[in-house]
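A.B. asks: A structural model of the following input is requested.
(3 chains)
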Amino acid sequence: MTTTQNPPSTPPRTATALVWARRRAAAARVWRQFATDRGGVAGLVVLGVIVLLAVLAPALTDQTGLDVTRAPGAPWQAPSGEFWLGTDHTGRSVLLLTWWGAQVSLLVGLAATLLSVGIGTVVGVCAAHFGGWVSSVLLRVTDFFLVLPSLVLALVLSTVLPQGLGTIILAIGVTSWPSTARLVRAQTLTVEARPYIERSRALGGGHGHVIGKHVLPAVLPLVFVNTTLTVASAIIAESTLSFLGLGDPTRVSWGSMLHSASLHGAVSKGAWWYLLPPGLGIVVVVLAFTLCGRALETVLNPRLAHSAGER
Amino acid sequence: MTDALAPVEEALAESAARRGRGGSTLRYVAGKLGGALASLFLVVVLGFLLFRVIPGDPVLSMTRGRPVTADQQAELRARLGVDRPLLQQFLDYLGRLARGDLGTSYVYSRPVGELIAERLGPTLLLVGTSTIIAVILGLWLGIKGAWRRGSRFDRVSTGVSLTLWSMPTFWLGLLLMIATGNLFPSGGIRYPDTPPDFLSQALDTAHHMVLPCLTFVAVIYAQYLLVMRSSLLEEMNADYLTTARAKGLRDDLVRRRHAVPNALLPTVTLVFLHLGLVVSGAITVETVFSWPGLGLLTYEALQGPDLPLLQGIFIVLTGSVVAMNVIADLLYRVLDPRVRAA
Amino acid sequence: MAEQTAMSEPVDQQKAAAPTLLDVRDLHVRYQSGRGEVHAVRGVDLSLASGQTLGLAGESGCGKSTLAMSVLRLLPKSSRVDGQVLLDGEDVRTMSWGRLRAVRWAGASVVFQGAMHALNPVRRIGEQIAEPLRLHGWGGRAPTSLSPAAIRARVAELLEQVELPARRADAYPHELSGGQKQRVMIAMALACQPRLVIADEPTTALDVIVQAQVLELMGRLVAEHDIGLIMISHDLSVLAATCQRIAVMYRGELVEQGPAEQVMRQPRHAHTQALAAAFPVVGDPAHRLVPAAEPATAPTVEPSESSGASTRPVLRAEDLHVRFGGRRGGQTHAVAGVTLEVHPNEIVALVGQSGSGKTTLARTLLGLQQPTSGRVYFDGQPLPTSARGLRDYRRQVQLVLQDPTSALNPRQSVYEAVAEGLRIHRIGDDEAGRVADALSKAELRPPEQFFSVLPHELSGGQRQRVVIAGALALNPRVLIADEPVASLDASVRGEILALFLRLRVELGVAALVITHDLGLAWNIADRVAVMYQGELVEVGPVEDVLLAPQHPYTRSLLAAMPNAPGSLDEVELAAGDAG
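C.D. replies: Model (predicted):
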């Protein structure tokens, strides 16, 4: 803040350099403020570590341990020196399963979020910008889907479509966009009510110019914040769908681990080591995304009230 | 001549107010009900699309993973009527729905409507009790947190609620079951050998309900807490609170008379808007604790998959959420005088 | 009035001990903010005897509201107050909470700015007026002895005092107009018969005529009930109309204090002079900035003789109508048959109250709003309707908006803001040169220094110059300026007006200036058009219209100006008629 008070003595000469210098300064400002939020930084660090581990899983571990027919240990073993987190009902290492499960959970969470935020942003901007019947139809549709219990819709979708990762991503993505659309629409309306949009129109700017130069740059930070919060919900949704037995049967995810744990009686056997790690994985990742999102929210949109998104 | 000119603004405001009080209430209610009917029709259409159009051949997804001969499939197609043209199917479907016929369950071989009606009671009991507890707890903690923003209480309560919010409902349920051991029954709604008198039945039900209810509350109260907290924080910057303080009101009166009632208004809408969360909570909690309600029925329908049953549940669940939201809209109009005039 | 004597009894004993009602001694207020300490009030001494009226003037951020709020200890917790604030001889700073709550409203009450948000939006105004009555009682009556009927009667009486019908007690704030809400605030402030009323910008955001009525009402009630009044405003003329003395604050300090007339007419401090100049006296040649004769420029053009014969108008609206259809069948006739011309090298002022349709007219002239019927001609050609034709037209006619802070995208640097028009119109050659040129025409020099600056780093006046530069970059022939100085501080107002005049002289840019402020028209316009309920009721050279108004509406506007000679009497008359 303090460095920008005075105009720099040697201004950049070209317009592009000017724009980039401004963006760099803005990014640095955001980062400096973000860094003051301890929860947000902690969330970011945790996420970094988990993503790194998930990506490096094939390099650091032996995939054959996931094969039920080649399980290395005896079933239902409590944590020991050999299996730090014990074994599951087939004798596979829970640690290995949890490690690989991170991959699918993160992948589904991120992909579904991209789909959902993409639909939501397009619908939201269009509903606010164009007005008239386009806007009212989009708004009606958004409100309709906003009210629907998204998990029920996702359940039905993943039942009637062929099982697999793609179905899960689709089911979560196409059922969770309305809140993003609502948010983007509200923000677009706020921006479009500003006189600088009127000025831009008076200068001769058309739809493309107004949306591209003014609306999107103002809306995207919010969309970014929303993305981090939506990832959290998407990961929970994935685990719920998998827990109900709708996941990809060929891949291990945290949700599917909890599904088989509960199916094979981990509770009655008291096998807490089978239940705890995947659940903790979900909690830690979701919490980390939420903390990051809330910290970003205070930086990028201090006036927006904190609210957790819908699951 | 000023008298002729200046009150224009005032007259306008007054006529707007009159309009708000009078005829538009009926129009508002009619508009809302019309919108609700349109939404319900959309739900019905969506039910058809999801179960008859998207899957292509519903018989294939119904018999997935089971050894079924081509003859059996053809017979099933004829029974479900899926061999007829799509439009004809849609009209048949509408006709049956209009008669209140939701079809016949494939697994139970009983009318879907009957199955749903049977399971409605336990769900309402569990969801109702938990939601009331969660709303009261969430609003109370949210108000306390916002009023003492940044205090240790606020930070702890926000942190705890965020952590609980980050948990998958079913996982929390499983953990509670392991942690409490044999203290509470691990499933169902009543032991079969409980004496049939009302008191014993009620006590047994309550005993069975402790864990599901606890899980439910833990996961959904955070939502209400966060909404109430941020809504109150926003109100707390309002100028009229300064007016109230300047009038000499005690701090707790400023809060009770002015800040909280106003902050409650947006919270009411959000509580209803997030009913979907309650529904998804019901499905997972009932599955974990084998609570014989609609949620468990949903889970059972998924396992088949029993498509007619699932379709019936879909229509009933989404339909009731839509209806609840209309009630919320109308309620809001009664609560907030500003909306009455708008 | 019977209750007046009842009121003065309990306070008489205190009066003997302390003759002054309010005594502020060496007051300092410091805020802790994110960017360190802000020293908002720096050593202010002030005193007010009971029944006296004092105006506190200053620009936004000068500390005047902070000073006023410290009297009732209504400042945020992060503030630190040093010095003494003696209310009836008792230091507010050291009062216990209980004593402070008893003093609040009963001893001193506040009329807040913009009653819009100062009233609780979801409670009836009657309840809100009754609230302090139940808390403090009034006129020596203890709150415990009050029956609901007595309180209802008192609320009705208070509403009557502010000239509102008693049945309005059942209304919610949003059902009232701005003027009515301000009256409710005044009724509320008088409820417990305080000895001091603090009015914080009580008439900001009100129309001139409503403002005059509210001011008259406040002045009368304060005098009738022998209440001490501190009125805060950025508008020196408003204070001069209501207060006996005026104190001027600048950067947290009192720079001038004296009788209202003297401060207004012979300001000594430079800052007071700037403030006073911002509220010109219509008819005073010293405030007419337009050069009487224009030898240097366009000798062939005689804009003041605008019968239309000497030059072809550059912009002409012919029988323009704009209607907005309400969804419930109600229609608003925002512009009802307006014919208006703007000639080259001429400044026309379009004057009217809010809601008179003047902004809709401007939007229609710019092609941002489709007229229901009628035509707009530019250079004799009807306005194109195609998107492309309109885009070309907009190179010629440019818009300058009221609030420069919101008229600039906060994320874009000055360079991008000025270059926006060039990019839309794909004028690619020497963009940087054109931007620099436009900035220096708007007197932001050296222009390169401002290229990478973001709007929030500029002052309000500089921002408005950037907006003007953005318009100038396209070399327009007409500027349409919507309240170009209304949201600027008084001291920069003159500079921006001078810039408009200079642009006309040096570049020949004609301007249509839309304003609610007749003084602004007197300052810079050649011709003035008065708009009322969608119609132009009077058009003509400034001297003719403002010095010898023909239409009753123009006369009432002039009479409502707080510093118009003898204006108060006329408004009082008018208000009397209304009541």
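A.B. asks: which SSE is the residue positioned nearest the centre of chain A in?
C.D. replies: Residue closest to the average C-alpha location in chain A (C-alpha atoms, centre = their mean): residue A:231, at 1.5 Å. Element membership of residue A:231, judged by DSSP states H and E, is helix A:216-243.
A.B. asks: Check which helices and strands that helix is in contact with.
C.D. replies: In this structure, helix A:216-243 packs against helix A:94-129, helix A:150-160, helix A:165-173, helix A:178-193, helix A:254-263, helix A:272-300, helix B:169-180, helix B:275-289, with contacts taken as 3 or more C-beta pairs under 8 Å, 6 or more residues apart in numbering or on different chains; DSSP states H and E. To be clear about C-beta, it is placed using only N, CA and C from the backbone, and glycine gets the same treatment.
A.B. asks: Would you mind giving the ones you listed as CSV with mean neighbour count added?
C.D. replies: As requested, the helices and strands packed on helix A:216-243 are arranged in CSV below (neighbours: other C-beta atoms under 10 Å in any protein chain shown):
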stretch, mean neighbour count
helix A:94-129, 22
helix A:150-160, 25
helix A:165-173, 23
helix A:178-193, 21
helix A:254-263, 24
helix A:272-300, 23
helix B:169-180, 21
helix B:275-289, 26
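A.B. asks: In CSV, list the ones you listed along with mean pLDDT and distance to chain C.
C.D. replies: What follows is the helices and strands packed on helix A:216-243, written out as CSV (pLDDT from 0 to 100; distance: least, C-beta to the nearest C-beta, whole Å):
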stretch, mean pLDDT, distance to chain C
helix A:94-129, 92, 16
helix A:150-160, 89, 32
helix A:165-173, 92, 30
helix A:178-193, 89, 9
helix A:254-263, 90, 40
helix A:272-300, 89, 12
helix B:169-180, 89, 35
helix B:275-289, 87, 24
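A.B. asks: Next to chain C, which bits of the stretch 101-250 of chain B? Give me the list.
C.D. replies: B:238, B:239, B:240, B:242, B:243, B:244, B:245, B:246, B:247, B:248, B:249, B:250 (C-beta under 8 Å from any C-beta of the partner chain).
A.B. asks: was I right about the second one contacting residue C:118?
C.D. replies: Spelled out, it's residue B:239. Yes. Residue B:239 lies in contact with residue C:118 (C-beta atoms under 8 Å); the separation is 4.7 Å.
A.B. asks: of the two, who's got more company?
C.D. replies: For residue B:239 versus residue C:118, the count of surrounding residues by other C-beta atoms under 10 Å in any protein chain shown is larger for residue C:118: 26 against 16.
A.B. asks: Could I get the phi/psi values of that one?
C.D. replies: phi -80, psi -10 (degrees, to the nearest 10).
A.B. asks: wait, what's in contact with the residue nearest to it when sequence neighbours are not counted?
C.D. replies: When the adjacent residues along the chain are set aside, residue C:118 lies closest to residue C:112, with 3.6 Å between them (C-beta to C-beta, 6 or more residues apart in numbering or on different chains). Applying C-beta atoms under 8 Å, 6 or more residues apart in numbering or on different chains, we find residue C:112 in contact with B:239, B:242, B:243, C:118, C:185, C:200.
A.B. asks: Next step: the residues you listed restricted to helices.
C.D. replies: Judged by DSSP state H, the subset of those located in helices is B:239, B:242, B:243, C:118, C:185.
A.B. asks: Excluding chain neighbours, what is closest to the second one?
C.D. replies: Take residue B:242 and drop its neighbours on the chain: the residue closest to it by C-beta to C-beta, 6+ apart is residue C:74, 6.1 Å away.
A.B. asks: give me every residue that touches that neighbour.
C.D. replies: Under the criterion of C-beta under 8 Å, 6+ apart, the contact list for residue C:74 reads B:242, B:245, B:246, C:110.
A.B. asks: Can you give me the neighbour number for the nearest residue to residue C:459 once chain neighbours are set aside?
C.D. replies: What sits nearest to residue C:459 in space, not counting adjacent residues and going by C-beta to C-beta, 6+ apart, is residue C:492, at 7.2 Å. Residues lying near residue C:492 (other C-beta under 10 Å) number 19.
A.B. asks: Relative to chain A, how far out is residue C:492?
C.D. replies: Here residue C:492 is placed at a distance of 19 Å from chain A (C-beta to the nearest C-beta, to the nearest Å).
A.B. asks: try residue B:326
C.D. replies: Taken as C-beta to the nearest C-beta, the span from residue B:326 to chain A is 9 Å.
A.B. asks: Tell me who's in contact with that residue.
C.D. replies: B:32, B:33, B:35, B:36.
A.B. asks: Tell me the secondary structure at it.
C.D. replies: Assigned by DSSP: H, G, I helix; E, B strand; the rest coil, the conformation of residue B:326 is helix.
A.B. asks: So residue B:229 sits against residue B:150, correct?
C.D. replies: No. Applying C-beta under 8 Å, one finds residue B:229 not in contact with residue B:150, separated by 11.7 Å.
A.B. asks: quick one, which of those two is more surrounded?
C.D. replies: Neighbours around residue B:229 and residue B:150, counted as other C-beta under 10 Å, are more numerous at residue B:229. The numbers are 29 against 8.
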